[in-house]
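1. model this:
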Amino acid sequence: MSDDIRPHEIAVALPDRTDAGVYFIGRIRTPWKTRDDCPRRVDPDGPICRIEIDPRWAEALRGLEAPAEVQVLYWMHQARRDLVVQAPRRRGVIAGTFALRSPVRPNPIASSMVALVGVDGATVLVRGMDCVDGTPLIDLKPAPSKAGALAHS
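-> Okay, the predicted model is just below:
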C-alpha cells in the first residue's frame with residue numbers, strides 16, 4: 001500500500017478494530033503479478049484462472065458444474081482502505097469512494113461474475129478474473145438462475 005495521496009484526495013483514520021471476521025477460503029491464481037498488470041474490466045475471453053479452495057472447504061463445491069456463471073467475492077489485499085475522496089488517474093474526476101468502482105475502499109471486497117470452465121478437485125477453473133495473483137478468496141456463488149434451481153431441487 002502506498003502512502004501517496006494525489007491532489008484533492010482525502011484520507012481518514014481507520015477504526016481501531018474490525019467489526020467482524022472473514023475466513024479466506026482459498027486463493028485466486030491469475031497471470032497478473034501487480035495491480036497495474038490487471039485488466040480494468042472483466043474479459044470473458046480472458047485467460048483461464050485457477051481458484052484454489054482450501055481443502056477443508058472442497059466439499060462445498062459439490063453441484064458446481066460448468067458451463068455456468070459464478071460470482072467470485074474476493075479481498076483486494078493490496079488496496080489502501082483510508083481514502084474517502086479519490087482522484088482516479090484514468091477518470092479525471094474527483095469523487096467519493098462509494099461513487100467509484102475503485103479497489104480503494106474501507107472494506108476492499110470485490111465481486112466478479114466469471115465463466116465457470118470446470119471444477120477439478122478443490123480447484124475451480126474460470127475465465128474473466130481481473131485481480132492480482134494470490135488474491136484471497138472470500139466466497140463463490142452460482143449465478144442467480146443456477147442457484148435458484150439448486151435451492152429447489
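2. So residue 139: helix, strand or coil?
-> Classification of residue 139 by DSSP: H, G, I helix; E, B strand; the rest coil places it in strand.
3. again with residue 36
-> Per three-state DSSP, the local secondary structure of residue 36 is helix.
4. all helices for this structure, in order.
-> Assigned by DSSP state H, the chain shows helices spanning 144-151.
5. Just the pLDDT for residue 109.
-> If you check residue 109, the pLDDT there is 96.
6. How many residues are close by it?
-> For residue 109, the count of nearby residues is 15 (other CB atoms under 10 Å). Using the backbone N, CA and C atoms, a C-beta is placed for each residue, glycine as well.
7. Longest strand of the protein, counting residues only.
-> When the chain is parsed with DSSP state E, its longest strand is strand 109-120.
8. Run through who's touching that one.
-> If you take CB atoms under 8 Å, 6 or more residues apart in numbering as the criterion, strand 109-120 is touched by 42, 44, 48-49, 61, 64-76, 103, 124-131, 138, 143.
9. Give the burial count for residue 19, as a bare number.
-> 6.
10. buried residues in the longest strand of the chain?
-> Residues 110, 112, 114, 115, 116, 117, 119 are the ones in strand 109-120 that count as buried (16 or more other CB atoms under 10 Å).
11. related to what we said a few turns ago, in strands, which of the contacts of strand 109-120 appear?
-> Counting by DSSP E, the contacts of strand 109-120 place 48-49, 68-75, 124-127, 138 in strands.
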